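In: Predicted coordinates and the sequence they were generated for:
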Amino acid sequence: MIPAARKPGRFLLLALLLAVAFLVNLGLGSVDIPFSETVSWLFGGQPTEPSWAYIIRDYRLPKALTAILTGSGLALCGLLMQTLFRNPLAGPFVLGISSGASLGAALLIMGASLLGPAAAAWVVSDWSLALASSLGSLLVLLTVLLVATRLKDAMALLIVGLMFGSITAAVVTVLSSFARAERLQQYIFWSYGSVGSLGWSQLGILALLFGIGTGVSLLLLKGLNALLLGEHYATSLGIPIRRLRLWILIATGLLAGGITAFAGPIAFVGLAVPHLTRQLLGTSDHRLLMPGVLLYGGLLMLICDTVAQMPYSSYVLPINAITSVVGAPVVIWLLLRRNRMLF
Amino acid sequence: MKTTPLHTENSPEKPALEVQGLQIGYPGANPPLSLCGTLEFDLPEGVLTAVIGVNGVGKSTLLRTLGGLQPAISGRIRIGGQPASGIPAASRARLQSIVLTEPPASRNLTVAELVALGRHPYTNWLGKLSPEDSRITGEAIRRMELEALRDRPCHTLSDGQLQRVLIARALAQDTPLILLDEPTTHLDLYHKVRILKGLRSIAHETRKTILFTTHEIDLAIQLCDRMLILQQAESVFGEPCELIRVGAFEELFPEDTVIFDPDSGVFRINK
């Protein structure tokens, strides 16, 4: 086995594929814009059709960027959680972190409608949605962590995640019977997941949360690597384990919360990408894995989004369905490939 | 309930590890549950010490307490002359390293990567290895005879190989004191001896102080400079031949099952 440090080619490949997927994603859509026009617009040219520039600038470009941020961020979340819980099956969706974010969003979107339409419009803003989702995911994270310190069993953690999914579903059902129809619809569309509904200002908020989450994670690289030995070994290496755990939770909460607020609960990307990246790079060293999962996550999400928008048709599939169809078999394949998933 | 110090070392330098009036166990219980009386011993530089005792007497607890992973009920531990409780975690990591019974959480690291993690207390925020760090890592790998396995992921290693990797990691941490919890469990006789002889040569050649827990009393008697016999009533510390002379091993197990033969230094089954 060749150490990953000697595989810069794999990084280059990922980066190249990401660039290609980005261009393909920009070039395809319900409106048929010639590929050369898209590329020339990117380099400052003016398309022959003025509406094309508008479509690319205000619809396709933010969508592609959202896809990258979403995929990268969720993959990073998955990596952080797998290392923190030392559990290869951990991920923001499986452990109920996305459910927590959904719960926060549901309480805000539908709960606000109880206050009356005027108040609701005022309360539900991009910022409050991001905040409510982040708080929701942080709440679940803390609970999962509490359970994790008591139960060493990997399965128990997953069951806790499932239970959070059920609680969320229950609360959503209760809220939906009181909520006004348009609020309910807003929530349901949100829960399908979409990377296409963000304008530039919302993308700014998402990018900010992504930046903070990724920045914090970068500062934790050394501690994350020590955690690969286990908490006791990390402690004996002088790593302040409580502080490390807290910062991992904050980074994960911001990333998963922010992403779920804007793009909806997106399944499996967080769980599958870290494993795919470990396979590709052949290492568990976070200094290589972290850039790796960011590239791979962005790439996978761009591909899923390209499929979801069903090129040359006006239909758009819920992206959550696509990531599940792609992600779930990947996880099963990983489980079957070896008797245990390595992390 | 005191350890009988059989041996008094008049070494000019400070002992690497001093243990005074130490009570280990579960301080959280009410009243605190102490495991093996009060411990009192000093370890000089460059000695190999085995901690023996029946199951449940507190060998691992002692090791974790000395390693700072678990609080003591009472008493004082000094590492290199400094009270352990006052040493910041980052500095303590440069004074003592530890090898636990639990396997590393990740089995996907390569041997070289895992050993290099031992350099953490010395590296920058990214954990980047300096030429000096690489040299020490390489030396640890050589000493544990792991050169051929350098790039193998840990999940492909045998128990004995993995144990050597974990010891190499502790060596790479380059601390004056190394603590090991049952480094020879699950190994066959050849690998047990190989590990213990390795530890002995490290202690004697590099002047590191090594303390390990074990059930291999016969091997420990032959290879160790000091032994600590943990017992519920009274724990004894000293050089193996002195411990044999005062009959310390005879009380270790119930006489109707196992008896100790002081002439050969081996335990025999009482048929």
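Out: That came in fine, so what should we check first?
In: A:S177: what secondary structure?
Out: helix (DSSP: H, G, I helix; E, B strand; the rest coil).
In: ok, how many other residues are close to it?
Out: By other CB atoms under 10 Å in any protein chain shown, the residues close to A:S177 number 9. Where you see a C-beta, it was placed from the backbone N, CA and C, and this is true even at glycine.
In: So which bits of chain A are right by chain B?
Out: A:1-3, A:86, A:219, A:221-222, A:225-230, A:232-233, A:235-240, A:278, A:283-285, A:287, A:342-343 (CB under 8 Å from any CB of the partner chain).
In: out of those, which are buried?
Out: Among these, the ones that count as buried by 16 or more other CB atoms under 10 Å in any protein chain shown are A:3, A:86, A:221-222, A:225-230, A:232-233, A:235-239, A:278, A:283-285, A:287, A:342-343.
In: Quote the end-to-end distance of stretch A:260-273.
Out: 17 Å (CA to CA, to the nearest Å).
In: Also stretch B:50-68?
Out: Across stretch B:50-68, first to last residue, CA to CA, it's 19 Å.
In: Any idea how far that stretch is from the middle of the chain?
Out: Distance of stretch B:50-68 from its chain centroid, counting by CA atoms, centre = their mean, to the nearest Å, is 9 Å.
In: what do you get for stretch A:53-68?
Out: With CA atoms, centre = their mean, you get 18 Å for stretch A:53-68.
In: swap in stretch A:139-149?
Out: That offset, for stretch A:139-149, works out to 19 Å (CA atoms, centre = their mean).
In: Show me what counts as buried in it.
Out: Those would be A:139-141, A:143-145, A:147-148, for stretch A:139-149 by 16+ other CB under 10 Å.
In: Nearest to chain A: which residue in chain B?
Out: The minimum distance from chain B to chain A, using CB to the nearest CB, falls at B:A93 (3.2 Å).
In: which residues touch that residue?
Out: A:236-238, B:120-121, B:173, B:175 (CB atoms under 8 Å, 6 or more residues apart in numbering or on different chains).
In: ditto for B:H204
Out: B:46, B:48.
In: A:L80 now?
Out: Here A:L80 is in contact with A:217, A:224, A:248, A:251-252 (CB under 8 Å, 6+ apart).
In: now do A:S313
Out: With CB under 8 Å, 6+ apart, A:S313 has these contacts: A:S30.
In: Phi and psi next, for it.
Out: Main-chain torsions, A:S313, degrees, to the nearest 10: phi -130, psi 170.
In: pLDDT weak spots in chain A?
Out: A:1-6, A:116-123, A:151-155, A:338-343 (pLDDT under 70).
In: closest point of it to chain B, which residue?
Out: A:G238 (3.2 Å).
In: So for the nearest residue to that residue once chain neighbours are set aside, what pLDDT did the model give?
Out: Of all residues not flanking A:G238 in the chain, B:A93 sits nearest, at 3.2 Å (CB to CB, 6 or more residues apart in numbering or on different chains). According to the prediction, B:A93 has pLDDT 95.
In: next one: the one 3 residues further on
Out: B:Q96 carries a pLDDT score of 95 in this model.
In: how near is A:L115 to A:A179?
Out: A:L115 sits 11 Å away from A:A179, going by CB to CB, to the nearest Å.
In: Repeat that for B:L33.
Out: Applying CB to CB to B:L33 and A:A179 gives a distance of 55 Å.
In: Out of these two, name the residue with the larger neighbour count.
Out: Counted by other CB under 10 Å, B:L33 and A:A179 do not tie: A:A179 has more neighbours, with 22 against 13.
In: close enough to count as contact, that one and A:M110?
Out: Yes - between A:A179 and A:M110 there is a contact under CB atoms under 8 Å: 3.8 Å.
In: give me every residue that touches the residue of chain A closest to chain B.
Out: B:89-94, B:120-121.
In: returning to that earlier point: in helices, which of the buried ones among the residues of chain A next to chain B fall?
Out: A:221-222, A:225-227, A:232-233, A:235-236, A:278, A:287 (DSSP state H).
In: and which of those residues is nearest to B:L230?
Out: For these, the residue nearest B:L230 by CB to CB is A:H232; the value is 20.9 Å.
In: Quick check: which element contains the spatially most central residue of chain B?
Out: Closest to where the C-alpha atoms of chain B average out (CA atoms, centre = their mean) is B:F212, at 2.4 Å. Using DSSP states H and E, B:F212 falls within strand B:209-213.
In: and the helix or strand just after that strand, how far from the chain's centre?
Out: Using DSSP H and E, the helix or strand that directly follows strand B:209-213 along the chain is helix B:217-223. Here the centre of helix B:217-223 is set off from its chain's centre by 14 Å, with CA atoms, centre = their mean.
In: for helix B:217-223, packing partners?
Out: strand B:48-52, helix B:189-206, helix B:240-245, strand B:266-269 (3 or more CB pairs under 8 Å, 6 or more residues apart in numbering or on different chains; DSSP states H and E).
In: Tell me who's in contact with B:I221.
Out: B:227, B:240, B:244, B:249, B:265.
In: pLDDT weak spots in chain B?
Out: Using pLDDT under 70, chain B drops low at B:1-13.
In: Residues of it that sit close to chain A?
Out: Checking chain B against chain A by CB under 8 Å from any CB, the hits are B:64, B:67-69, B:89-94, B:96-98, B:100, B:102, B:104-110, B:112-114, B:117-118, B:120-121, B:123, B:125-127, B:151-153, B:155, B:169, B:173.
In: So which of those are in helices?
Out: B:64, B:89-92, B:112-114, B:169.
In: Which of the residues you listed are buried? Put it as a ChimeraX command.
Out: Remark: buried members of these, expressed as a ChimeraX selection using 16+ other CB under 10 Å:
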select /B:64,92,112,113,114,169
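In: nearest to B:H191, of the ones in helices among the residues of chain B next to chain A?
Out: Nearest member of these to B:H191, counting by CB to CB, is B:R169, at 17.7 Å.
In: How about B:Q161, nearest residue that isn't a chain neighbour?
Out: B:L149 (6.3 Å).
In: Looks like the one you found contacts B:V111 (just checking).
Out: Yes - assessed by CB under 8 Å, B:L149 is found in contact with B:V111 at 4.9 Å.
In: So for those two, which residues contact both of them?
Out: Common neighbours of B:L149 and B:V111 (CB under 8 Å, 6+ apart) are B:157, B:165.
In: Who has more neighbours out of those two?
Out: B:V111 (26 against 21).
In: contacting residues for the more buried one?
Out: B:V111 is in contact with B:141, B:146, B:149-152, B:154, B:157, B:165, B:168, counting by CB under 8 Å, 6+ apart.
In: do A:L107 as well
Out: With CB under 8 Å, 6+ apart, A:L107 has these contacts: A:132, A:136, A:171, A:175.
In: Which of those ranks first by neighbour count?
Out: A:G136 (29 neighbours).
In: isn't there a strand covering that one?
Out: No - A:G136 is assigned helix when assessed by three-state DSSP, not a strand.
In: how near is the residue nearest to it when sequence neighbours are not counted to A:L175?
Out: Using CB to CB, 6+ apart and skipping the chain neighbours, the partner closest in space to A:G136 is A:G104 (2.6 Å). Using CB to CB, A:G104 is found at 12 Å from A:L175.
In: Alright, that wraps it up for me.
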